[in-house]
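>>> model this:
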Amino acid sequence: MALGLGSPRPKIFLKKIDNSRRMRFTLAHELGHILLPWHVETVQCDMQQQGYPEESTVESPNPIGIAQEHQANSFASHLLVPRTFLRDIAPGYVQVPDVLARLEQANVSAAAGVVALASSLPAGYVFLVRGMSRMIRSPGTELPFNWAGITPELRPALMESSVDFGQVTHQGQSVEWFEFIESENCGPLDGEPRSSMEILVAALQDSSLRHDVDAAVRSITAKVGGVLSARRDLSSVPDIQALLTYKFSMDVRYSKLLDSFEFRLYLTKKSVEVATKRAARS
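Next up is the predicted model:
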(Lines give C-alpha, C1' and ligand atoms only; values in the text may rest on other atoms or scores of the structure.)
Protein backbone atom coordinates (compact mmCIF):
# COMPACT_ATOMS: atom_id res chain seq x y z
CA MET A 1 0.00 0.00 0.00
CA ALA A 2 1.21 3.49 -0.83
CA LEU A 3 -0.03 6.37 1.34
CA GLY A 4 0.21 10.11 0.86
CA LEU A 5 1.05 10.10 -2.82
CA GLY A 6 1.94 13.61 -3.90
CA SER A 7 2.91 14.63 -0.36
CA PRO A 8 6.49 15.53 0.66
CA ARG A 9 6.91 12.20 2.51
CA PRO A 10 4.78 9.39 1.04
CA LYS A 11 4.85 6.02 2.81
CA ILE A 12 4.87 2.41 1.62
CA PHE A 13 3.52 -0.48 3.70
CA LEU A 14 4.25 -4.06 2.62
CA LYS A 15 2.96 -7.34 3.98
CA LYS A 16 5.94 -9.52 4.71
CA ILE A 17 5.99 -12.77 2.73
CA ASP A 18 8.61 -15.46 2.14
CA ASN A 19 8.81 -14.91 -1.63
CA SER A 20 11.67 -12.43 -2.01
CA ARG A 21 11.13 -12.02 -5.76
CA ARG A 22 7.50 -11.05 -5.23
CA MET A 23 8.53 -8.63 -2.49
CA ARG A 24 11.04 -6.95 -4.84
CA PHE A 25 8.43 -6.56 -7.54
CA THR A 26 5.81 -5.27 -5.11
CA LEU A 27 8.26 -2.74 -3.66
CA ALA A 28 9.19 -1.55 -7.18
CA HIS A 29 5.48 -1.35 -8.01
CA GLU A 30 4.77 0.84 -4.96
CA LEU A 31 7.81 2.98 -5.78
CA GLY A 32 6.23 3.54 -9.18
CA HIS A 33 3.12 4.94 -7.49
CA ILE A 34 5.34 7.40 -5.59
CA LEU A 35 7.50 8.52 -8.51
CA LEU A 36 4.76 8.84 -11.15
CA PRO A 37 3.54 12.38 -10.46
CA TRP A 38 -0.08 11.87 -11.51
CA HIS A 39 -0.58 9.06 -8.95
CA VAL A 40 -2.16 10.80 -5.97
CA GLU A 41 -3.81 10.07 -2.63
CA THR A 42 -3.75 6.40 -1.48
CA VAL A 43 -3.43 3.27 -3.60
CA GLN A 44 -4.11 -0.19 -2.15
CA CYS A 45 -2.78 -3.01 -4.32
CA ASP A 46 -3.24 -6.77 -4.42
CA MET A 47 -0.12 -8.42 -5.83
CA GLN A 48 -0.87 -11.98 -4.83
CA GLN A 49 -1.16 -13.36 -8.33
CA GLN A 50 2.48 -14.19 -9.07
CA GLY A 51 3.50 -10.67 -8.15
CA TYR A 52 3.10 -9.43 -11.70
CA PRO A 53 0.94 -6.85 -13.41
CA GLU A 54 -1.31 -8.72 -15.70
CA GLU A 55 -2.19 -11.20 -12.97
CA SER A 56 -2.72 -8.62 -10.24
CA THR A 57 -6.08 -7.25 -9.27
CA VAL A 58 -7.31 -3.93 -7.96
CA GLU A 59 -9.75 -3.87 -5.08
CA SER A 60 -11.52 -0.77 -6.42
CA PRO A 61 -13.42 -0.94 -9.73
CA ASN A 62 -12.32 2.66 -10.35
CA PRO A 63 -10.91 2.74 -13.93
CA ILE A 64 -8.40 5.41 -12.91
CA GLY A 65 -7.10 3.08 -10.20
CA ILE A 66 -6.83 0.23 -12.69
CA ALA A 67 -4.86 2.44 -15.08
CA GLN A 68 -2.53 3.46 -12.25
CA GLU A 69 -1.95 -0.20 -11.37
CA HIS A 70 -0.89 -1.02 -14.91
CA GLN A 71 1.40 2.02 -14.99
CA ALA A 72 3.02 1.05 -11.68
CA ASN A 73 3.47 -2.51 -12.97
CA SER A 74 5.13 -1.22 -16.11
CA PHE A 75 7.42 0.96 -13.99
CA ALA A 76 8.40 -2.03 -11.84
CA SER A 77 9.04 -4.21 -14.87
CA HIS A 78 11.32 -1.62 -16.49
CA LEU A 79 13.15 -1.01 -13.21
CA LEU A 80 13.83 -4.67 -12.39
CA VAL A 81 14.26 -5.94 -15.95
CA PRO A 82 15.80 -2.99 -17.83
CA ARG A 83 15.16 -2.94 -21.55
CA THR A 84 18.85 -2.33 -22.20
CA PHE A 85 19.52 -5.64 -20.44
CA LEU A 86 16.84 -7.37 -22.54
CA ARG A 87 18.28 -5.95 -25.77
CA ASP A 88 21.65 -7.34 -24.73
CA ILE A 89 20.44 -10.90 -24.04
CA ALA A 90 17.76 -10.96 -26.77
CA PRO A 91 18.73 -8.66 -29.66
CA GLY A 92 16.48 -10.49 -32.14
CA TYR A 93 15.38 -14.07 -32.71
CA VAL A 94 16.97 -16.23 -30.05
CA GLN A 95 17.34 -19.68 -28.53
CA VAL A 96 14.75 -19.40 -25.77
CA PRO A 97 16.36 -21.77 -23.19
CA ASP A 98 19.65 -19.86 -23.40
CA VAL A 99 17.95 -16.49 -22.97
CA LEU A 100 15.85 -17.68 -20.02
CA ALA A 101 19.03 -18.89 -18.33
CA ARG A 102 20.55 -15.40 -18.68
CA LEU A 103 17.29 -13.77 -17.62
CA GLU A 104 17.65 -15.35 -14.17
CA GLN A 105 20.16 -12.59 -13.38
CA ALA A 106 17.21 -10.18 -13.04
CA ASN A 107 16.00 -12.18 -10.01
CA VAL A 108 12.29 -11.64 -10.66
CA SER A 109 9.51 -14.23 -10.75
CA ALA A 110 9.11 -16.43 -13.80
CA ALA A 111 5.91 -14.58 -14.71
CA ALA A 112 7.49 -11.14 -14.38
CA GLY A 113 10.60 -12.12 -16.30
CA VAL A 114 8.82 -13.89 -19.14
CA VAL A 115 6.33 -11.05 -19.63
CA ALA A 116 9.21 -8.56 -19.79
CA LEU A 117 11.20 -10.79 -22.15
CA ALA A 118 8.25 -11.39 -24.46
CA SER A 119 7.64 -7.64 -24.75
CA SER A 120 11.15 -7.26 -26.16
CA LEU A 121 11.16 -10.20 -28.59
CA PRO A 122 10.12 -10.00 -32.26
CA ALA A 123 6.82 -11.51 -33.38
CA GLY A 124 6.54 -15.29 -33.36
CA TYR A 125 6.87 -16.38 -29.71
CA VAL A 126 4.29 -17.72 -27.24
CA PHE A 127 4.94 -18.65 -23.60
CA LEU A 128 2.93 -20.53 -20.98
CA VAL A 129 3.99 -20.01 -17.35
CA ARG A 130 2.62 -22.29 -14.64
CA GLY A 131 0.37 -20.29 -12.35
CA MET A 132 -0.68 -17.81 -15.02
CA SER A 133 -4.13 -18.13 -16.55
CA ARG A 134 -3.20 -16.72 -19.94
CA MET A 135 -0.57 -17.19 -22.61
CA ILE A 136 2.12 -14.56 -23.15
CA ARG A 137 2.87 -13.46 -26.72
CA SER A 138 5.63 -11.30 -28.12
CA PRO A 139 4.27 -8.15 -29.84
CA GLY A 140 2.74 -8.83 -33.23
CA THR A 141 2.44 -12.58 -32.67
CA GLU A 142 -0.55 -14.09 -34.42
CA LEU A 143 -1.75 -17.67 -34.03
CA PRO A 144 -2.50 -19.90 -37.04
CA PHE A 145 -5.79 -20.95 -35.42
CA ASN A 146 -8.75 -19.27 -33.73
CA TRP A 147 -8.53 -19.35 -29.97
CA ALA A 148 -11.18 -18.76 -27.31
CA GLY A 149 -10.61 -21.62 -24.89
CA ILE A 150 -8.68 -22.52 -21.77
CA THR A 151 -5.00 -23.31 -21.33
CA PRO A 152 -5.25 -27.16 -21.26
CA GLU A 153 -6.82 -27.05 -24.73
CA LEU A 154 -4.39 -24.39 -25.95
CA ARG A 155 -1.22 -26.38 -25.32
CA PRO A 156 -1.79 -29.17 -27.90
CA ALA A 157 -2.87 -26.60 -30.49
CA LEU A 158 0.34 -24.64 -29.94
CA MET A 159 2.46 -27.79 -30.10
CA GLU A 160 0.86 -28.90 -33.35
CA SER A 161 1.14 -25.57 -35.14
CA SER A 162 4.51 -24.27 -33.89
CA VAL A 163 7.82 -24.75 -35.67
CA ASP A 164 9.58 -25.59 -32.41
CA PHE A 165 8.65 -25.82 -28.73
CA GLY A 166 10.06 -26.86 -25.39
CA GLN A 167 9.86 -26.60 -21.61
CA VAL A 168 12.34 -25.35 -19.03
CA THR A 169 12.32 -24.65 -15.31
CA HIS A 170 12.88 -20.93 -14.77
CA GLN A 171 13.07 -19.43 -11.25
CA GLY A 172 11.49 -22.62 -9.94
CA GLN A 173 8.50 -22.46 -12.30
CA SER A 174 7.66 -24.44 -15.42
CA VAL A 175 7.89 -22.28 -18.55
CA GLU A 176 6.80 -23.64 -21.93
CA TRP A 177 7.79 -21.83 -25.10
CA PHE A 178 6.58 -22.09 -28.69
CA GLU A 179 8.22 -20.62 -31.79
CA PHE A 180 6.42 -19.94 -35.06
CA ILE A 181 9.45 -18.67 -36.98
CA GLU A 182 11.04 -20.35 -39.97
CA SER A 183 14.81 -20.09 -40.35
CA GLU A 184 15.31 -20.21 -44.08
CA ASN A 185 17.55 -18.42 -46.55
CA CYS A 186 17.39 -18.51 -50.31
CA GLY A 187 21.17 -18.56 -50.43
CA PRO A 188 23.77 -16.03 -51.56
CA LEU A 189 22.60 -13.17 -53.77
CA ASP A 190 25.96 -12.33 -55.34
CA GLY A 191 24.73 -13.28 -58.78
CA GLU A 192 21.29 -11.66 -58.48
CA PRO A 193 21.35 -8.30 -60.32
CA ARG A 194 17.66 -7.44 -59.80
CA SER A 195 16.38 -5.15 -57.07
CA SER A 196 13.86 -6.42 -54.54
CA MET A 197 11.10 -4.54 -56.39
CA GLU A 198 11.96 -6.22 -59.69
CA ILE A 199 11.96 -9.63 -58.02
CA LEU A 200 8.60 -8.91 -56.35
CA VAL A 201 6.99 -7.94 -59.66
CA ALA A 202 8.32 -11.13 -61.27
CA ALA A 203 6.98 -13.23 -58.39
CA LEU A 204 3.52 -11.64 -58.64
CA GLN A 205 3.33 -12.03 -62.40
CA ASP A 206 3.60 -15.77 -61.87
CA SER A 207 1.03 -15.92 -59.06
CA SER A 208 -2.72 -15.79 -58.51
CA LEU A 209 -2.34 -12.00 -58.09
CA ARG A 210 -1.05 -11.49 -61.63
CA HIS A 211 -4.32 -9.83 -62.74
CA ASP A 212 -3.55 -6.71 -60.69
CA VAL A 213 0.17 -6.69 -60.03
CA ASP A 214 0.33 -2.94 -59.33
CA ALA A 215 -2.23 -3.14 -56.53
CA ALA A 216 -0.52 -6.21 -55.05
CA VAL A 217 2.86 -4.46 -55.14
CA ARG A 218 1.46 -1.46 -53.28
CA SER A 219 -0.21 -3.64 -50.68
CA ILE A 220 2.82 -5.87 -50.09
CA THR A 221 5.32 -3.01 -49.90
CA ALA A 222 3.02 -1.21 -47.45
CA LYS A 223 2.87 -4.34 -45.31
CA VAL A 224 6.64 -4.74 -45.39
CA GLY A 225 7.08 -1.09 -44.44
CA GLY A 226 4.67 -1.39 -41.52
CA VAL A 227 6.28 -4.57 -40.19
CA LEU A 228 9.80 -3.20 -40.39
CA SER A 229 8.97 0.22 -38.97
CA ALA A 230 7.68 -1.51 -35.83
CA ARG A 231 11.06 -3.26 -35.38
CA ARG A 232 13.69 -0.72 -36.33
CA ASP A 233 16.03 -2.40 -33.84
CA LEU A 234 16.44 -5.53 -35.98
CA SER A 235 19.60 -5.18 -38.04
CA SER A 236 20.71 -8.64 -39.20
CA VAL A 237 19.53 -10.19 -42.47
CA PRO A 238 18.37 -13.47 -40.81
CA ASP A 239 16.28 -11.61 -38.20
CA ILE A 240 14.66 -9.27 -40.73
CA GLN A 241 13.95 -12.13 -43.13
CA ALA A 242 12.54 -14.33 -40.35
CA LEU A 243 10.19 -11.54 -39.25
CA LEU A 244 8.94 -10.85 -42.79
CA THR A 245 8.49 -14.54 -43.55
CA TYR A 246 6.51 -15.05 -40.34
CA LYS A 247 4.23 -12.06 -40.93
CA PHE A 248 3.45 -13.15 -44.49
CA SER A 249 2.83 -16.74 -43.35
CA MET A 250 0.13 -15.40 -40.98
CA ASP A 251 -1.57 -13.29 -43.68
CA VAL A 252 -4.19 -15.32 -45.56
CA ARG A 253 -3.96 -12.92 -48.49
CA TYR A 254 -0.31 -13.69 -49.16
CA SER A 255 0.67 -16.89 -47.36
CA LYS A 256 0.50 -18.90 -50.60
CA LEU A 257 3.18 -16.65 -52.08
CA LEU A 258 5.69 -18.33 -49.76
CA ASP A 259 5.41 -21.42 -51.97
CA SER A 260 7.13 -19.36 -54.67
CA PHE A 261 10.93 -19.36 -54.83
CA GLU A 262 10.80 -15.90 -56.40
CA PHE A 263 8.78 -14.45 -53.54
CA ARG A 264 11.14 -15.90 -50.95
CA LEU A 265 14.00 -14.49 -52.99
CA TYR A 266 12.25 -11.11 -52.79
CA LEU A 267 12.10 -11.36 -48.98
CA THR A 268 15.80 -12.24 -48.86
CA LYS A 269 16.78 -9.39 -51.16
CA LYS A 270 14.60 -6.93 -49.27
CA SER A 271 16.14 -8.07 -45.99
CA VAL A 272 19.64 -7.49 -47.36
CA GLU A 273 18.68 -4.01 -48.59
CA VAL A 274 17.14 -3.03 -45.26
CA ALA A 275 20.03 -4.46 -43.21
CA THR A 276 22.53 -2.58 -45.37
CA LYS A 277 20.70 0.72 -44.87
CA ARG A 278 20.39 0.21 -41.13
CA ALA A 279 24.06 -0.67 -40.82
CA ALA A 280 25.00 2.50 -42.71
CA ARG A 281 22.99 4.64 -40.26
CA SER A 282 24.46 3.08 -37.13
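>>> what sits up against the one helix or strand residue 224 maps to?
Element membership for residue 224, per DSSP states H and E: helix 213-229. Helix 213-229 is contacted from outside by 140, 197, 200-201, 204-205, 209, 234, 240, 243-244, 247-248, 251, 253-254, 270, 274, using C-beta atoms under 8 Å, 6 or more residues apart in numbering. Heads up, the C-betas are built off the backbone N, CA and C, glycines and all.
>>> where are the low-confidence patches of the chain?
Scanning the chain for pLDDT under 70 picks out 1-9, 11, 13, 17, 38-65, 149-151, 184-188.
>>> picking that back up, write a ChimeraX command that selects only the buried members of the contacts of helix 213-229.
Selection of the buried residues among the contacts of helix 213-229 in ChimeraX, burial being defined by 16 or more other C-beta atoms under 10 Å:
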select :140,200,201,204,209,234,240,243,244,247,248,254,270,274
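>>> Helices - which of the contacts of helix 213-229 land there?
197, 200, 201, 204, 205, 240, 243, 244, 247, 248, 270, 274 (DSSP state H).
>>> For the fourth one, list the residues it contacts.
The one in question is residue 204. Applying C-beta under 8 Å, 6+ apart, we find residue 204 in contact with 210, 213, 216, 217, 220.
>>> Can you report how many residues neighbour the fourth one?
Residue 217 is flanked by 15 other residues according to other C-beta atoms under 10 Å.
>>> Now do it against residue 247, distance only.
17 Å (C-beta to C-beta, to the nearest Å).
>>> for residue 87, what are its contacts?
Neighbouring residues of residue 87 by C-beta under 8 Å, 6+ apart: 120, 233.
>>> State whether it is indeed within a strand.
No. Assessed with DSSP: H, G, I helix; E, B strand; the rest coil, residue 87 is helix; it does not lie in a strand.
>>> Please enumerate the helices of the protein.
Using DSSP H, helices in the chain cover 20-35, 63-80, 83-89, 96-103, 110-120, 151-161, 196-205, 213-229, 237-249, 261-281.
>>> Give me the buried positions along the first one.
It stands for helix 20-35. For helix 20-35, using 16+ other C-beta under 10 Å, the buried residues are 21-34.
>>> Could you dump these into CSV and include distance to residue 128?
As requested, the buried residues of helix 20-35 are exported to CSV (distance: C-beta to C-beta, whole Å):
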residue, distance to residue 128
21, 19
22, 20
23, 25
24, 24
25, 20
26, 24
27, 27
28, 25
29, 24
30, 29
31, 30
32, 27
33, 30
34, 34
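>>> In terms of distance to residue 101, which of the residues you listed ranks first?
Proximity of the buried residues of helix 20-35 to residue 101 (C-beta to C-beta) peaks at residue 21, which lies at 16.5 Å.
>>> is it true that residue 192 touches residue 273?
No. If you go by C-beta atoms under 8 Å, residue 192 and residue 273 don't touch, sitting 11.6 Å apart.
>>> Would you reformat the helices of the chain as CSV and include distance to residue 10?
Formatted as CSV, the helices of the chain follow (distance: least, C-beta to C-beta, whole Å):
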stretch, distance to residue 10
helix 20-35, 5
helix 63-80, 13
helix 83-89, 26
helix 96-103, 31
helix 110-120, 24
helix 151-161, 39
helix 196-205, 55
helix 213-229, 40
helix 237-249, 43
helix 261-281, 43
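>>> For residue 133, which of those is the nearest?
helix 151-161 (6.9 Å).
>>> Show me what the closest one is packed against.
Where contact means 3 or more C-beta pairs under 8 Å, 6 or more residues apart in numbering; DSSP states H and E, helix 151-161 is packed against strand 125-129, strand 173-179.
>>> tilt between that helix and strand 125-129?
Going by axes from the mean of the first three to the mean of the last three C-alpha atoms, to 10 degrees, helix 151-161 is angled at 150 degrees with respect to strand 125-129.
>>> May I see the contacts of residue 204 organised as TSV, with distance to residue 167 added?
Compiled in TSV, those are given as follows (distance: C-beta to C-beta, whole Å):
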residue	distance to residue 167
210	45
213	46
216	41
217	43
220	37
